[in-house]
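**Q** sequence and predicted structure below; questions after.
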Amino acid sequence: MHLPPPIIAKPLPYESLLAQRKPTDIDLVVIHCTELPDLATAREYGERALYDNGSGNSGHYYIDRDGSIQQYIALDRVAHHVRGINPRSIGIELVNRGRWPNWFDTNNQVMSEPYPEAQIAALVRLLEWLPQALPSLRYIAGHEQLDTALEPASDDPGRNVQRKLDPGPMFPWELVLRAIDLQRLPD
């Protein structure tokens with residue numbers, strides 16, 4: 001039995017507008033990186049209303065570089081974090097610059113910021129505990145595995161770049177998978 005890690009509840013203003021679901025409907029956790037400079041900017045992006053119902057894009061949990069965890073969306077709500085997979089999944093966002101601020105520039109497609117030990121330790125602790133809160137949780141995947149769409153490059157619309165690359169090549173998949181009881185989602 002794993003104790004939950006320290007989690008600071010910081011619900012987004014539109015949380016109550018998101019669809020409800022049963023915890024038994026959730027079998028997948030998706031690992032993201034914010035591709036933003038810091039947690040404050042990620043919060044600002046998360047609060048933006050993008051849809052007709054007044055909600056926006058957000059993960060459920062955000063883990064800062066120092067290992068602190070904030071929960072923006074309750075687990076019984078469907079957050080908008082990955083196309084087509086939201087009803088069955090939860091999203092965990094790791095604060096990391098990724099390709100920020102030129103996400104779709106052809107010259108900026110390498111993600112080179114490492115994930116700090118404290119951040120990965122907090123992620124592992126969260127992933128050890130989550131199956132207790134979500135008994136149907138079985139799988140884990142990276143955002144890039146689930147959203148393979150291409151976008152016109154911002155510097156050359158005649159070329160395409162991957163829409164999502166996160167969590168990226170610096171994410172320590174082997175270390176994380178050895179520490180938890182979730183299986184990598186098959187391609």
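**A** On my side now, so go ahead.

**Q** identify the residues contacting the lengthiest helix in the chain?
**A** The longest helix of the chain (DSSP state H) is helix 117-133. Identification of contacts with helix 117-133 by Cβ atoms under 8 Å, 6 or more residues apart in numbering yields 1-5, 7, 23, 29, 31, 61, 63-69, 75, 90, 92, 94-95, 137, 140, 172, 175-176, 179-182. Where you see a C-beta, it was placed from the backbone N, CA and C, and this is true even at glycine.

**Q** residue contacts, T148?
**A** So T148 contacts Q162, R163, K164 (Cβ under 8 Å, 6+ apart).

**Q** how close does it sit to Q183?
**A** Using Cβ to Cβ, to the nearest Å, T148 is found at 20 Å from Q183.

**Q** name whatever forms a beta bridge with the residue lying closest to G158 once chain neighbours are set aside.
**A** Spatial nearest neighbour of G158, chain neighbours left out: P152 (7.7 Å); criterion: Cβ to Cβ, 6 or more residues apart in numbering. Listed by DSSP bridges, the beta-bridge partners for P152 are N160.

**Q** wait, P152 sits on R159?
**A** Yes: in this structure, P152 is within contact of R159 by Cβ atoms under 8 Å, at 7.4 Å.

**Q** now the residue of the chain most remote from its centre, what's its secondary structure?
**A** Centroid-distance maximum for the chain: G158 at 29.4 Å, with Cα atoms, centre = their mean. Secondary structure state of G158, per DSSP: H, G, I helix; E, B strand; the rest coil, is coil.

**Q** mind listing what the residue nearest to G158 touches?
**A** F104, G158, R159, N160.

**Q** okay if I get those as JSON lines plus pLDDT?
**A** Below are the contacts of P152 laid out as JSON lines (pLDDT from 0 to 100):
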{"residue": "F104", "pLDDT": "98"}
{"residue": "G158", "pLDDT": "97"}
{"residue": "R159", "pLDDT": "97"}
{"residue": "N160", "pLDDT": "98"}
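
**Q** now do the nearest residue to I92 once chain neighbours are set aside against T106, distance only.
**A** Nearest non-adjacent residue to I92, counting by Cβ to Cβ, 6+ apart: Y61, 4.7 Å away. Y61 sits at a distance of 32 Å from T106 (criterion: Cβ to Cβ).

**Q** those two: which has the busier surroundings?
**A** Y61 (25 against 13; other Cβ atoms under 10 Å).

**Q** can I assume the more buried one is in contact with Q70?
**A** Yes: when contacts are counted by Cβ under 8 Å, Y61 is listed as touching Q70 (7.1 Å).
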